[in-house]
Structures are given as structure tokens and as C-alpha cells.
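A.B. asks: Sequence below, structure please.
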Amino acid sequence: MVQLVIKDAMTTDGRKKSVVCESGMISQIASEGDPLPEGDRIIDGNDLLLIPGLCNTHTHASMTLFRGIGEDRDLKSWLEEEIWPREAKMERRHLEAGMELACLEMIKTGTTLFNDMYFREGDLAGIVDKMGLRAILGEGFLDMFSPDKREEDIKSTERAIEGIEALGSDRVGYSIAPHSAYTVCREGLEWCRDKALEKEVTLHIHLSETENEVKEVNRKYGVSPFRYLEDVGLLGPHTIAAHCVHCDPEGIDLIKRSGCFVSHNPISNMKLSSGGPMPLKSMIDREVSVTIGTDGASSNNTLDMFVSMRAASLMAKHMWGVDSIRGEQFMEMGTSRGYEALGIEGGKIEEGCVADLILLDLNHHAMNPPNDQLSNVLFSATGEVVKFTIVGGRVLMEDGHVEGENDIIKRARIAAEELREI
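C.D. replies: I've put the predicted structure just below:
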């Protein structure tokens with residue numbers, strides 16, 4: 001049965017199209033005036049711009065509760081003095097409140113798929129499923145070179161897998177998520193490698209984010225983080241490596257040969273002074289598959305992917321020239337490339353793709369005048385222009401409203417207050 005018909009919406013190429021969504025997929029794309037089937041729901045696309053849903057390939061969703069905490073610090077002191085002590089106090093209710101708030105923010109700003117790394121993900125998968133988003137959830141593996149902690153993390157990861165598999169959602173899957181080469185011992189990384197291969201799922205890891213990381217890995221192992229992860233067997237076509245700020249030509253070569261996907265997080269890297277910029281132009285020239293992430297809302301401080309796509313594009317223009325990387329490429333990084341990295345046929349307005357779509361308000365000031373709507377999307381719009389968010393043909397936000405949003409915000413405020421003091 002046809003779930004949804006989006007009728008005569010504008011697209012960034014200046015043409016009007018209609019989209020038919022059936023069984024969670026895009027089953028038909030029609031030009032203006034073409035006959036359309038009856039649907040359970042019809043959205044009049046006049047005054048709306050249709051684009052694919054956005055994909056956030058690196059975040060820590062429940063960290064929405066730490067937004068504004070530990071400002072003006074570098075990554076090391078921010079983690080050790082501000083974040084990790086608060087995370088040690090987090091109970092399930094805090095994680096749930098943070099995840100709810102993150103899902104709300106992503107729905108409101110047009111993200112339809114996200115790749116998460118945090119804690120008790122098996123307990124949180126039901127929230128993601130209930131709110132209707134598509135997600136890959138990775139239980140953070142952070143053994144800090146302790147054999148006892150490694151065994152705890154193995155058990156936590158197994159519990160998360162069991163919880164997500166038991167949910168049985170076709171929209172919520174899982175990854176294996178070792179934190180990094182500087183926080184996980186070789187035995188832990190090898191266990192994560194083997195588990196990801198066994199389950200045939202994504203492996204999600206921070207890689208070469210700061211100079212301190214590069215120095216520490218080199219001191220311990222005598223090689224770069226890229227070479228070390230290749231030696232351990234963690235680089236491959238099912239790996240998403242977040243950040244990759246300190247990436248020399250050898251690192252780019254290793255990524256390219258492995259087929260690894262990179263998640264570019266420009267705002268978090270700038271805010272935490274990670275020592276960038278990430279060598280995006282060199283990666284694109286080598287045809288490395290680059291996606292875009294926000295990182296957590298505590299280091300960005302927003303999950304709005306429009307803002308991260310803009311930052312990535314402006315950074316490229318500033319560093320390598322105004323025409324170094326085309327606008328269409330940044331849209332691909334924020335949509336279809338992310339879906340590809342997570343193994344989902346989507347992020348595109350094409351028949352046979354999942355029906356994950358967003359509709360933007362063409363009457364919003366940021367979308368006017370309509371000289372170049374792709375330019376408006378990349379350089380003028382924020383998530384405020386999103387009027388409809390649709391995942392698998394289901395409308396999650398209509399006219400900018402999400403059901404229960406005020407209650408979600410209240411619960412998050414209470415949870416954040418409990419964690420504020422350390």
C-alpha cells in the first residue's frame with residue numbers, strides 16, 4: 001500500500017517532482033503533471049524544497065546533556081576534567097533523556113540517519129525506534145589498557161548487541177565501536193575487529209584526531225595511528241574513521257587502499273582546537289570516501305547537519321580555493337555518502353532507495369531569493385528551514401512540530417541539572 005505521496009515539490013535542479021513512498025521505500029518519481037496513485041497521505045509540495053534526509057556519521061547522542069559544559073578547553077583537558085567525571089555519574093535515565101533530546105534535535109533539523117558511539121546503547125535503541133529515526137548504535141569500547149575493564153567492555157558490547165537484535169527494528173542496527181588507538185589496548189582492538197567481522201557490521205572509531213594522539217601512538221608503537229590500525233586489521237570498507245585531522249600522505253594512502261570511510265567533523269575539530277584542517281582536498285583528490293559528522297552536542301554544540309556541511313565547505317574554500325570542492329560534493333557527503341558508509345541504500349531521491357526525505361520551507365527568508373537553491377541549502381539555511389522530516393515514508397515532523405517535544409525538553413533539563421556538578 002502507498003504510504004505517502006509528496007506532490008509537486010521543487011528540487012535543487014529547479015524542477016518539480018512528485019515522490020511516491022511505498023513500504024518504506026521510494027517506489028516512483030514522477031514529473032510535474034504525471035498521474036499519481038492514491039496514498040494514505042498526500043503532502044502538497046508547493047512552496048517546499050525536496051532533498052534527501054541528512055546523515056550524521058559521527059556523534060555521541062546522549063551528550064546533548066553536556067551542551068555548554070567545559071567550554072574553552074582542548075580535547076584532553078575537556079575529556080579528563082569535564083566530561084569523563086560526569087559520564088561516570090550517568091545512569092540509564094540520564095542517557096535516555098539525552099538520547100530523546102538528540103533524536104528531537106535531529107528530527108527538527110533534518111537528520112534521518114545517524115551513527116552513534118556511546119554507552120548502554122541496547123537500552124537506548126527503543127527510544128530511537130519509537131521516535132522513528134534510522135540509526136546505527138555502537139557501544140563505546142574504552143578499556144584504558146586495563147584487562148578488567150576490557151572484560152567489562154566486552155560484556156557491555158555483547159549486551160548492547162543482544163538488546164538491539166531483540167528490538168528487531170529494520171531502522172535501528174549496531175556497530176562495534178572501539179573509542180581509539182590511545183584508549184583501547186591491542187587485545188581490545190583485536191576483539192572489536194573480530195566481532196565486527198563475525199557480525200558483518202560497521203566498525204566505528206576515532207582516528208588521528210589530535211597531535212597528542214599521534215605522539216602517544218607513535219611513542220607506544222613506533223608508527224602513526226593509521227599504520228597501527230592497519231597493522232591490527234581495523235581499516236577496511238566497513239570502517240568509519242572519525243576526524244582524521246592529522247593525516248599525512250601515507251595515512252591517506254592507507255585509507256584509500258583499505259576502502260575505509262572518513263567522517264569529517266569540522267566544527268568539533270575547530271572548537272576543540274584539534275590542529276586542523278583535516279586534509280579534505282587531498283582525500284577528495286585521491287577519491288577517498290568522505291562523509292560528515294557533527295560529533296557530540298557537547299563539542300559542536302549543535303547536531304544541525306546544515307551547519308556542519310556549511311563549515312566543511314567554507315573551510316575548503318578558505319584553505320584550498322573557492323572552487324576546490326563543488327557544492328554538490330558536500331551535499332553527497334552529508335547525504336548519500338553517509339548512507340553508503342552505513343550500508344543503507346538511501347540519501348538519494350531515487351526509486352529503490354529508503355524513503356528518508358526532508359522538505360524545506362521555500363518561504364523562509366534563508367531560502368530567498370531562489371537564485372540558486374543548492375547554494376541556499378549550503379550557505380544560508382539552518383535546520384530551522386525544515387518543515388517535514390520523513391523516515392521510511394513515515395512523517396516524523398510536520399510543519400516544524402514533533403509530537404511530545406516539550407516533554408522531551410523538560411526531561412532533558414532535569415537530567416542535565418543532576419549531572420551539572422562534579
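
A.B. asks: got any ranges where the chain has weak pLDDT?
C.D. replies: Residues of the chain that meet the criterion pLDDT under 70 lie in 1.

A.B. asks: Work out which residue lies at the spatial centre of it.
C.D. replies: The chain has residue 56 as the residue nearest its centroid, 1.9 Å off, counting by Cα atoms, centre = their mean.

A.B. asks: For stretch 71-91, output the C-alpha coordinates as PDB.
C.D. replies: Extracted in PDB, the C-alpha atoms of stretch 71-91 (Å, rounded to 0.1, in the frame of the first residue of the first chain):
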ATOM      1  CA  GLU A  71      34.000  25.500  27.200                       C
ATOM      2  CA  ASP A  72      37.400  26.900  26.100                       C
ATOM      3  CA  ARG A  73      39.300  23.700  26.700                       C
ATOM      4  CA  ASP A  74      41.300  21.400  24.400                       C
ATOM      5  CA  LEU A  75      40.200  17.800  23.900                       C
ATOM      6  CA  LYS A  76      42.400  16.200  26.600                       C
ATOM      7  CA  SER A  77      41.500  18.500  29.400                       C
ATOM      8  CA  TRP A  78      37.900  18.700  28.300                       C
ATOM      9  CA  LEU A  79      37.500  15.000  28.400                       C
ATOM     10  CA  GLU A  80      39.600  14.300  31.600                       C
ATOM     11  CA  GLU A  81      38.400  17.200  33.700                       C
ATOM     12  CA  GLU A  82      34.800  17.900  32.500                       C
ATOM     13  CA  ILE A  83      33.300  15.000  30.600                       C
ATOM     14  CA  TRP A  84      34.600  11.700  31.900                       C
ATOM     15  CA  PRO A  85      33.800  12.600  35.600                       C
ATOM     16  CA  ARG A  86      30.200  13.500  34.600                       C
ATOM     17  CA  GLU A  87      29.800  10.400  32.400                       C
ATOM     18  CA  ALA A  88      30.800   8.300  35.500                       C
ATOM     19  CA  LYS A  89      27.600   9.600  37.200                       C
ATOM     20  CA  MET A  90      25.300   8.900  34.300                       C
ATOM     21  CA  GLU A  91      22.500   6.400  34.900                       C
END
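
A.B. asks: Tell me which residues are up against that stretch.
C.D. replies: 62-63, 66, 69-70, 119, 209-210, 212, 272-274, 298-299, 418-419, 422 (Cβ atoms under 8 Å, 6 or more residues apart in numbering). To be clear about C-beta, it is placed using only N, CA and C from the backbone, and glycine gets the same treatment.

A.B. asks: Mind checking which of these are buried?
C.D. replies: Buried subset of these (neighbour count, 16 or more other Cβ atoms under 10 Å): 62-63, 66, 69-70, 119, 209-210, 272, 274, 298-299, 419.

A.B. asks: what about stretch 283-293, start to end distance?
C.D. replies: In stretch 283-293, first residue to last residue: 16 Å (Cα to Cα, to the nearest Å).

A.B. asks: which of the residues in it are buried?
C.D. replies: 283-284, 288-293.

A.B. asks: Show me which pair in these is furthest apart.
C.D. replies: The largest separation in the buried residues of stretch 283-293, counting by Cβ to Cβ, is between 284 and 293 at 16.6 Å.

A.B. asks: Give me the nearest residue to residue 232, chain neighbours excluded.
C.D. replies: The shortest distance from residue 232 to any non-neighbouring residue, by Cβ to Cβ, 6 or more residues apart in numbering, is to residue 189 (5.0 Å).

A.B. asks: and that neighbour, how many neighbours does it have?
C.D. replies: For residue 189, the count of nearby residues is 24 (other Cβ atoms under 10 Å).

A.B. asks: Now find how far off-centre the host helix or strand of it is within its chain.
C.D. replies: Assigned by DSSP states H and E, residue 189 belongs to helix 186-199. How far helix 186-199 lies from its chain's middle: 22 Å, per Cα atoms, centre = their mean, to the nearest Å.

A.B. asks: quick one: the very next helix or strand once past it to helix 186-199, angle?
C.D. replies: The helix or strand immediately downstream of helix 186-199 is strand 203-207, counting by DSSP H and E. Angle of strand 203-207 versus helix 186-199, following axes from the mean of the first three to the mean of the last three Cα atoms, to 10 degrees, is 150 degrees.
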